[in-house]
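Asker: here is a sequence together with a model predicted from it:
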Amino acid sequence: MDFTFTDDQLSFREAVSRFLMTEAAPEMLREIWETDPGRSPALRGKLAAQGLTALSVPEDCGGLGMDDVAWALMSQELGYYAIPDSLADAAYVAAGLIASLPAGCAGREDWLARIADGSARVAVGHAVNPLVADAQSADLLLLPHGDEVHLVPRALVDVIANPSIDLSRRLSRVMWEPSSATVAASGEAGRRLWADTLNRGVLAVAGQLLGLAQRMLDLSVDYAAQRKQFGKPIGSFQAVKHHLADVATRIEFAKPVLYRAAHALAHGRADADVHASHAKLACGEAAWLAARHGIQVHGAMGYTWEVDLQMFMKRTWALDAAWGDRGFHKSRVADAVLADGAELGPGHTFKE
C-alpha cells in the first residue's frame, strides 16, 4: 500500500490553498452567510474555474477524473477555509453517485458536465441524514426510496428550512413523491450505490473536520503568541503549550486514518465501511479537541462573532453528526472488530 501523494495531487492542493486564502477570507464568508441564500454564485464560479467542481467528474464528461484520494486532500482545504459543505456534496458525493449510474441513464452525462463547469448545484439525501443540505438552492436532488436511487428536479420537491448553529449550513426537510420517472437505479445496484455514497459523504466530512481542526489550532497558536499576561505571551505558559500540543498530536494521528479510508474507497475494498467510519471518528475527535482547547486558549471572547474561531467551532459541531453520528460509526467499527475471524494486528495492517 502506497500512501505517497503524487506531485500533481500535492501541487493541486497547494494551488487551491493559495486561491482560497485570498478568495475566501473569513470576513468575506461572513458577508455571504448573512444573505438569504447564504451562497455566492461568484465564489462558486471561481471554484469551478480552479477545477474543484470537476475533480471527480470523468474526463469524458469534462472533468479531471481524480479519485477519492485526491478528495482526502481537497476536503481538508475546504474545512480549513470554511467553504460550505455543499461544494463537497455536489462535486464529490453527488458526482461519484451519478458517474456510477449506467451509461445510458437519462441525464447522466448532462448533469456530470454541469457539475464539472459549476453551473449545477446538486443536493444529496441519505437515510442517515434526517435533513438535506442545500436542498433549497439545488437544481437536482439525489434521494433514496428504499434501495432506489432517484434523480429529482427541484421543481418536484417541497422543502422546509431548518436552522443550524452554523450559519453556512442551509438544511431542509424534504418532501417528495417517488415515481418511475425519477428512479435511476434499484435493487442490488441501488444498495451498492447508496453504500458507496454514504462512505464518500463520511470521507468528505472527515476531511473537512481535519481541516477545521488544523485551522482552529493555527488560530489558537497565533492568539497565544500575541495575547500577554503578566508581561509574557500566554503561549509561553506550560499549560497552554500542553493544550496545543495535544491537539497537534491528535491531528497527526488522524491523518493516516483518513488517507487509509480514502485508499480503501478508491480501490473498492470490501472493508471500506469500517475505514470510513474510523476516519470520521478520528477526525471528529481531533476537531472537537481543537475547538475545546481553542476556547480555553482564547477565553470567552472565542465565542463572539468578531473572533474567527467561532466560525470553525460551529462548523465542527454541525458536521459532527452529518453522514452518521458517533454512535452509528462506533457501531460499524465494533461490528468489524468484534466479528468472528476479524483480521486484526500488525500482520494484517497493510494486507491487500
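Answerer: Yep, that arrived. As the structure is a prediction and not an experimental result, all values here were calculated from the model. Residues are numbered from 1 along each chain as shown.
Asker: what helix or strand is the residue nearest to residue 107 when sequence neighbours are not counted located in?
Answerer: Sequence neighbours aside, residue 151 is the residue nearest to residue 107 in space, at 6.4 Å (criterion: C-beta to C-beta, 6 or more residues apart in numbering). Bear in mind the C-beta positions are built from the backbone N, C-alpha and C, glycine included. If you go by DSSP states H and E, residue 151 is part of strand 148-153.
Asker: give me the contacts around that strand.
Answerer: For strand 148-153, contacts defined as C-beta atoms under 8 Å, 6 or more residues apart in numbering pick out 97-98, 101, 107, 111, 139-144, 176, 178, 182-186, 190, 193-194.
Asker: try 6 Å this time
Answerer: Strand 148-153 has contacts (C-beta atoms under 6 Å, 6 or more residues apart in numbering) with 141, 143, 176, 178, 182, 183, 184, 185, 186, 190, 193.
Asker: from residue 175, how far off is the last one?
Answerer: Remark: distance between residue 193 and residue 175 (C-beta to C-beta, to the nearest Å) = 23 Å.
Asker: higher neighbour count, the two?
Answerer: Between residue 193 and residue 175, counting by other C-beta atoms under 10 Å, residue 193 is the more crowded of the two (23 against 9).
Asker: let me know the pLDDT of residue 39.
Answerer: With respect to pLDDT, residue 39 scores 88.
Asker: once you drop chain neighbours, what's closest to it?
Answerer: The spatially closest residue to residue 39, leaving aside those adjacent along the chain, is residue 137, at 5.9 Å (C-beta to C-beta, 6+ apart).
Asker: which other helices and strands contact the longest helix along the chain?
Answerer: Ordering each helix of the chain by length in residues (DSSP state H) puts helix 187-226 first. Helix 187-226 is packed against helix 68-80, helix 95-99, strand 148-153, helix 238-266, helix 272-298, helix 309-319, with contacts defined by 3 or more C-beta pairs under 6 Å, 6 or more residues apart in numbering; DSSP states H and E.
Asker: can you give me the angle it makes with helix 238-266?
Answerer: Here the directions of helix 187-226 and helix 238-266 differ by 160 degrees (axes from the mean of the first three to the mean of the last three C-alpha atoms, to 10 degrees).
Asker: and which of the contacts of strand 148-153 is nearest residue 203?
Answerer: Comparing the contacts of strand 148-153 against residue 203 with C-beta to C-beta places residue 193 closest, at 15.7 Å.
Asker: residues in contact with the closest one?
Answerer: By C-beta under 6 Å, 6+ apart, residue 193 lies in contact with 97, 100, 149, 185.
Asker: same thing with residue 27?
Answerer: Applying C-beta under 6 Å, 6+ apart to residue 27 gives no contacts.
Asker: repeat for residue 200
Answerer: Each residue near residue 200 by C-beta under 6 Å, 6+ apart is listed here: 93, 96.
Asker: same question for residue 184.
Answerer: Contact partners of residue 184, counting by C-beta under 6 Å, 6+ apart, are 101, 105, 149, 151.
Asker: and with 10 Å instead?
Answerer: The contact partners of residue 184, taken as C-beta atoms under 10 Å, 6 or more residues apart in numbering, are 97-98, 101-102, 105-108, 142, 148-152, 190, 193.
Asker: torsion angles phi and psi at it?
Answerer: Dihedral pair for residue 184: phi -120, psi -20, per degrees, to the nearest 10.
Asker: skipping adjacent residues, who's closest to residue 337 in space?
Answerer: Once flanking residues are discounted, residue 337 sits nearest to residue 344: 6.8 Å by C-beta to C-beta, 6+ apart.
Asker: so what's that neighbour scoring on pLDDT?
Answerer: Model confidence at residue 344, given as pLDDT, is 73.
Asker: do I have it right that it meets residue 271?
Answerer: No - using C-beta atoms under 10 Å, residue 344 makes no contact with residue 271, being 11.6 Å away.
Asker: overlap of the contact sets of the two?
Answerer: Listed contacts common to residue 344 and residue 271 are residue 336; contacts here mean C-beta under 10 Å, 6+ apart.
Asker: show me where the stretch 1-150 of the chain has its helices.
Answerer: Taking DSSP state H, counting those that start in this stretch as the test, the helices found in the stretch 1-150 of the chain are 7-23, 26-33, 41-49, 68-80, 86-88, 95-99, 108-117.
Asker: of those, which is nearest residue 282?
Answerer: Nearest of these (C-beta to C-beta): helix 68-80, 12.7 Å.
Asker: what does the average pLDDT come to for the closest one?
Answerer: 93.
Asker: quick one: it to chain centroid distance?
Answerer: Remark: helix 68-80 is offset 8 Å from the chain centroid, using C-alpha atoms, centre = their mean, to the nearest Å.
Asker: list the helices and strands that helix packs on?
Answerer: Applying 3 or more C-beta pairs under 10 Å, 6 or more residues apart in numbering; DSSP states H and E, one finds that helix 68-80 contacts helix 7-23, helix 86-88, helix 187-226, helix 238-266, helix 272-298, helix 309-319.
Asker: and it, C-alpha only, in CSV?
Answerer: This file holds the C-alpha atoms of helix 68-80, laid out as CSV (Å, rounded to 0.1, in the frame of the first residue of the first chain):
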residue,chain,number,x,y,z
ASP,A,68,-11.2,9.6,-3.5
VAL,A,69,-7.5,10.0,-2.5
ALA,A,70,-7.5,13.5,-4.1
TRP,A,71,-10.6,14.5,-2.1
ALA,A,72,-8.9,13.4,1.1
LEU,A,73,-6.6,16.4,0.5
MET,A,74,-9.1,18.8,-1.0
SER,A,75,-11.7,18.3,1.7
GLN,A,76,-9.1,19.4,4.3
GLU,A,77,-8.7,22.6,2.4
LEU,A,78,-12.5,23.1,2.3
GLY,A,79,-12.6,22.7,6.1
TYR,A,80,-9.5,24.9,6.7
